[in-house]
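K.L.:
all I have is the shape, not the residue letters:
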């Protein structure tokens with residue numbers, strides 16, 4: 001996909017999100033934003049990276065609540081009711097954010113980003129792969145949820161860079177999914193504590209104690 005097509009994709013999902021902030025639209029705005037950040041990294045176009053980070057990060061809380069609502073533990077009950085109330089409040093914040101002039105200015109600027117030479121892109125990919133190697137080694141050594149979070153980010157950045165270059169990223173996609181499951185459990189634990197359900201949070205914590213070392217050792 002060319003960068004102008006990806007920018008148009010971002011524009012379409014922003015329009016959908018402004019129309020109702022569905023779980024899908026929030027997710028797709030964030031994913032498309034991250035893919036565009038990968039393109040900017042490949043071309044060393046650093047000027048818009050912070051703006052994309054702002055857009056993606058500003059929708060993070062809303063996406064976290066959507067992820068939790070999709071988990072089995074969020075069946076009808078007090079925790080689900082709390083999640084729904086929190087999402088409603090966060091959606092109001094997100095709706096205001098998406099009307100900010102900075103969003104449309106960002107999309108317009110992204111549409112004018114120059115093409116990236118393959119030589120420059122492959123140099124950037126090599127740096128991302130080196131950082132991924134470090135993140136993998138750190139996760140194996142430390143085996144903590146924080147190191148898995150860092151690994152997840154490194155995997156995602158490298159995967160999207162490979163995607164832009166038309167190279168095989170299926171293995172990284174699988175790894176991202178597996179590590180993401182542990183990160184989702186960590187998210188659930190945090191939200192349960194925030195919702196005032198420490199007993200349920202401790203159950204999730206015990207599950208993480210089993211899962212994290214296994215994922216950290218993954219090749």
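P.N.:
Looks like it arrived, so ask away. The structure presented is a predicted model; accordingly, all values stated were derived computationally and were not measured.

K.L.:
check contacts around residue 170.
P.N.:
For residue 170, the contact set (C-beta atoms under 8 Å, 6 or more residues apart in numbering) is empty. Yep, even glycine has a C-beta here, placed from its N, CA and C like the rest.

K.L.:
cool, and residue 199?
P.N.:
Per C-beta under 8 Å, 6+ apart, neighbours of residue 199: none.

K.L.:
pLDDT score assigned to it?
P.N.:
Residue 199 carries a pLDDT score of 93 in this model.

K.L.:
tell me the SS of it?
P.N.:
helix (DSSP: H, G, I helix; E, B strand; the rest coil).

K.L.:
quick one: residues contacting the nearest residue to residue 30 once chain neighbours are set aside.
P.N.:
In space, residue 30 comes closest to residue 56 once its chain neighbours are excluded; the distance is 4.9 Å by C-beta to C-beta, 6 or more residues apart in numbering. Residue 56 is in contact with 29-30, 33-34, 37, counting by C-beta under 8 Å, 6+ apart.

K.L.:
domain map for this protein?
P.N.:
According to automatic domain parsing, the chain is divided into the following domains: 1-115, 117-219.

K.L.:
secondary structure element for the residue nearest to residue 30, which one?
P.N.:
Under the criterion of DSSP states H and E, residue 56 resides in helix 49-58.

K.L.:
the helix or strand following that helix: which residues count as buried?
P.N.:
Note on helix 49-58: by DSSP H and E, the next helix or strand toward the C-terminus is helix 60-69. By 16 or more other C-beta atoms under 10 Å, the buried positions in helix 60-69 come out as 62-69.

K.L.:
rewinding a little: take the contacts of residue 56 and keep only those in helices.
P.N.:
Those of those mapping onto helices are 29-30, 33-34, 37, per DSSP state H.

K.L.:
out of these, who has the most neighbours?
P.N.:
Scoring the ones in helices among the contacts of residue 56 on neighbours with other C-beta atoms under 10 Å, the highest-scoring entry is residue 29 at 27 neighbours.

K.L.:
what sits against it?
P.N.:
Applying C-beta under 8 Å, 6+ apart to residue 29 gives the contacts 10, 13-14, 17, 55-56, 59.

K.L.:
kindly recompute the last result at 10 Å.
P.N.:
Residue 29 makes contact with 9-10, 12-14, 16-18, 21, 55-56, 58-59, 63, 94, 98, 103, according to C-beta atoms under 10 Å, 6 or more residues apart in numbering.

K.L.:
okay, now residue 123: neighbour count?
P.N.:
Per other C-beta under 10 Å, the neighbour tally for residue 123 reads 12.
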